[in-house]
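Trainee: Next input, structure requested:
(one chain, ligands or ions: 1)
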Amino acid sequence: MNDVFDFSTVVTTRRGAISSTTSIESNELIPIIEKDSRTIEILSSAVKNNILFSHLDDIERKQIFDVMFPGFYSSDEVIIRQNERGEHFYIIEEGEVDVYINDELMTSFGECSCFGELALIQSTPRTVTIKAKTNVKLWSLFGETYRKILMDITIKKRNSYREFLNKVSILQTLDEFERLVVADSLESIQYEDGDIIVRQGDPGDDFFIIVEGTCTVHQKPSESSESIEIDTLSAGDYFGEIALLCNRARVATIIAKGSLKCVKMNRKRFERILGPIRDILQRNIPQYNSIIPLDQLQTMIISSDPKNKEEY
Ligand SMILES: Nc1ncnc2c1ncn2[C@@H]1O[C@@H]2COP(=O)(O)O[C@H]2[C@H]1O
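Mentor: Numbers count the residues shown, from 1 in each chain. Take a look at the predicted model:
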């Protein structure tokens, strides 16, 4: 088969039936194809380390999975052909494929693998030919649909975070554009009363800003001592920067007090996007009412600051 979406075959299959449509900013309706939990697991695991999905949270990723449609290829059928324009990205659910460059077999891969991601960025000539080695079931994503949904996610995210980020004091020195870039990089996350968000001594990879609710800060002066509540944080406050700035374990435990809504960004984005406020974050550290000394952290920050790293 080719990769044109054939509605007639899809509606009649049990798995992969169209259940409804999703609407995006442009009011366009895109069919949603139902997927069972095994398929969702395969799709999630296939895109886990894929850069084109890594900035999406679970809900956004689900939005993309919703619009992926099934394709079936018999053994020896060509799925994509080298030098032809590519419009689709694929994830293999069952079966194996062979990869050829200039008719020479390069490699094979199977279930949970994905290919054709350049088509998600722009329609571009394929760099390889991929042929079904066995009968193959895969899920396809039309590049233009991915781009439209992504644009929609970006617009909605920017609109929903614009006002909030304008009020976060640590971001005040950023200009409007820089704040929108912060909005793009945020993942929203919800906690219930008593949830431990970060734990003293654990490694840390995320920076958090509180959107709604409060949380308490706890510290143990030493491994064997009891934890003491030392602070309360609320909407607009941030936490988690010390582990990232100093490349060290968390210096405090943060626990949700009631239901708590946060946004977070991972280390990579923190380093890329919050560079302009790094100095302010650093300067604020000694102001914490900490029962473990934080002043020696300054030297660690200086040595872990990329600005101070020698080039090799
Ligand atoms: N009084 C405090 N002392 C130390 N850390 C605090 C305090 N209040 C809030 N925090 C935050 O608690 C976070 C725990 O994780 P980090 O060590 O990455 O970064 C820490 C700070 O952002």
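Trainee: residue boundaries of the helices in the protein?
Mentor: Remark: helices assigned in the chain by DSSP state H are 7-12, 37-47, 58-66, 118-121, 143-167, 176-185, 241-246, 267-273, 278-284, 297-304.
Trainee: Packed most tightly, which of those would that be?
Mentor: Ranked by mean neighbour count under mean count of other C-beta atoms under 10 Å, those are led by helix 241-246, which reaches a mean of 22. Heads up, the C-betas are built off the backbone N, CA and C, glycines and all.
Trainee: chain center to that one, what's the gap?
Mentor: Relative to the chain's own centre, helix 241-246 is displaced by 20 Å; criterion: C-alpha atoms, centre = their mean, to the nearest Å.
Trainee: now for that helix, which elements pack on it?
Mentor: When contacts are defined as 3 or more C-beta pairs under 8 Å, 6 or more residues apart in numbering; DSSP states H and E, helix 241-246 packs onto helix 267-273, helix 278-284, helix 297-304.
Trainee: And those, which one averages the lowest pLDDT?
Mentor: Lowest mean pLDDT of the helices and strands packed on helix 241-246: helix 297-304, a mean of 50.
Trainee: Figure out which of the helices of the chain is closest to the ligand.
Mentor: Closest approach to the ligand among the helices of the chain is made by helix 241-246 (3.3 Å; C-beta to the nearest ligand atom).
Trainee: So for the closest one, mean pLDDT?
Mentor: Helix 241-246 shows a mean pLDDT of 93.
Trainee: try stretch 212-220
Mentor: Regarding stretch 212-220, the rounded mean pLDDT is 96.
Trainee: Buried residues, it. List them.
Mentor: Residues of stretch 212-220 classed as buried: G213, C215, V217, H218, Q219, K220 (neighbour count, 16 or more other C-beta atoms under 10 Å).
Trainee: List the contacts of that stretch.
Mentor: 191, 197, 200, 226-235, 239, 251-261, 290-292 (C-beta atoms under 8 Å, 6 or more residues apart in numbering).
Trainee: now these: which count as buried?
Mentor: 191, 197, 200, 231, 233, 235, 239, 251-257, 260, 290.
Trainee: Take the residues you listed and keep only those in strands.
Mentor: Those of the buried ones among the contacts of stretch 212-220 mapping onto strands are Y191, I197, D231, L233, F239, T253, I254, I255, A256, K257, L260, per DSSP state E.
Trainee: measure the nearest residue to the third one once chain neighbours are set aside to the ligand for me?
Mentor: Read that as D231. Among residues not flanking D231 along the chain, V217 sits closest, at 3.9 Å (C-beta to C-beta, 6 or more residues apart in numbering). Using C-beta to the nearest ligand atom, to the nearest Å, one gets 4 Å for the distance from V217 to the ligand.
Trainee: Kindly report the same for C114.
Mentor: For C114, the distance to the ligand - C-beta to the nearest ligand atom - is 33 Å.
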